[in-house]
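Engineer: Build me a model:
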Amino acid sequence: MPYTVANLAIAPADRKVLHQRIALRFEQMLDQGFLDEVLALRSRGDLHSGLPSIRAVGYRQVWDHLDGKLTRDEMQERGIIATRQLAKRQFTWLRSWEDLHWLDSLASDNLSRALKYLGSVSILS
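Structural biologist: Residues are numbered from 1 along each chain as shown. Down below sits the predicted model:
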């Protein structure tokens, strides 16, 4: 191949931090009108809970809440759990990549680390 490919991934090295960020993000989505968004989608009349788009993480849990199947607290907890499970699947997929170089999203020197890595694989030479 005439090009050198460098694979970089960035994520918190501490899984607990990732879980905290997922929970915070889901709560922010709810605070910023996610329930209203799903309610508006439901009111269109052409969508239902069996569609892949409605089965997506977050949408499924809010839809079930609006159907009366889950309390708000259950919806929020299940949405966070589903997001964590998705993140775990994504990490599993990324770990299968050859020569993937990880950066810790909490590190303050990621730019210099990335540049150093890119230099070591002849991207910047």
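Engineer: Distance-wise, check the residue nearest the centre of the chain relative to His48.
Structural biologist: In the chain, the residue lying closest to the centroid (CA atoms, centre = their mean) is Ala87, at 5.5 Å. For Ala87, the distance to His48 (CB to CB, to the nearest Å) stands at 27 Å. To be clear about C-beta, it is placed using only N, CA and C from the backbone, and glycine gets the same treatment.
Engineer: what kind of secondary structure is Ala40 in?
Structural biologist: Here Ala40 is recorded as helix under DSSP: H, G, I helix; E, B strand; the rest coil.
Engineer: Are there helices or strands packed against the top helix by length along the chain, and which ones?
Structural biologist: Scanning the chain for the helix with the most residues, using DSSP state H, yields helix 72-95. In this structure, helix 72-95 makes packing contacts with helix 15-31, helix 59-66, judged by 3 or more CB pairs under 8 Å, 6 or more residues apart in numbering; DSSP states H and E.
Engineer: Give the buried residues for the next helix or strand after that helix.
Structural biologist: Next helix or strand after helix 72-95 toward the C-terminus (DSSP states H and E): strand 100-104. For strand 100-104, the neighbour count (16 or more other CB atoms under 10 Å) marks 101, 103 as buried.
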